[in-house]
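Novice: model this:
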Amino acid sequence: MDKTSGGDKYNIETAEILANEAQHLPVAEATPIYEQLLLLFPTAVSVLVEYFGDILEAIWLKDVLSKKEVQEEE
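Specialist: Below is the predicted model of the structure:
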């Protein structure tokens, strides 16, 4: 985060860009980004919403895929 923000780790514009990019990544890749942003901006509710939304989506998708696999085996 420091490289693109000119060394200012609290650069809001860079944080917003990272959060938006993380939305389009797989959860495993996005999680460290969200966690870094939450360490720097612990009151950033929008980041929390994105973070937990991605986690819930991954859990839901895993559940749907496992049910589909069970149906195909039957």
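Novice: Please make it C-alpha for all contacts and neighbour counts, starting now.
Specialist: OK.
Novice: Enumerate every residue touching Ala19.
Specialist: With contact taken as C-alpha atoms under 8 Å, 6 or more residues apart in numbering, Ala19 is in contact with 33-34, 37, 47, 50.
Novice: between the residues you listed, which is closest to Lys68?
Specialist: Using C-alpha to C-alpha, Glu50 is the member of the contacts of Ala19 that sits closest to Lys68, with 26.5 Å.
Novice: Give me the average confidence score over the helix or strand hosting that closest one.
Specialist: Assigning secondary structure by DSSP states H and E places Glu50 in helix 45-73. Helix 45-73 shows a mean pLDDT of 81.
Novice: now stretch 26-34
Specialist: 87.
Novice: separation between Pro42 and Glu57?
Specialist: Pro42 is 22 Å from Glu57, where distance means C-alpha to C-alpha, to the nearest Å.
Novice: returning to what we had before: let me know the closest of the contacts of Ala19 to Glu13.
Specialist: The nearest one, if we look at the contacts of Ala19 relative to Glu13 and count by C-alpha to C-alpha, is Leu37, at 12.0 Å.
Novice: tell me which element the closest one is part of?
Specialist: In the assignment (DSSP H and E), Leu37 maps to helix 27-40.
Novice: got the angle for that helix vs helix 45-73?
Specialist: Helix 27-40 and helix 45-73 are oriented at 160 degrees to each other (axes from the mean of the first three to the mean of the last three C-alpha atoms, to 10 degrees).
Novice: Please identify the buried residues of helix 27-40?
Specialist: Using 16 or more other C-alpha atoms under 10 Å as the burial criterion, the residues of helix 27-40 that qualify are 27, 30-31, 33-34, 37-38.
Novice: any chance of these in JSON lines, plus distance to Ala15?
Specialist: Shown next, in JSON lines, are the buried residues of helix 27-40 (distance: C-alpha to C-alpha, whole Å):
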{"residue": "Val27", "distance to Ala15": "18"}
{"residue": "Ala30", "distance to Ala15": "13"}
{"residue": "Thr31", "distance to Ala15": "14"}
{"residue": "Ile33", "distance to Ala15": "9"}
{"residue": "Tyr34", "distance to Ala15": "10"}
{"residue": "Leu37", "distance to Ala15": "7"}
{"residue": "Leu38", "distance to Ala15": "10"}
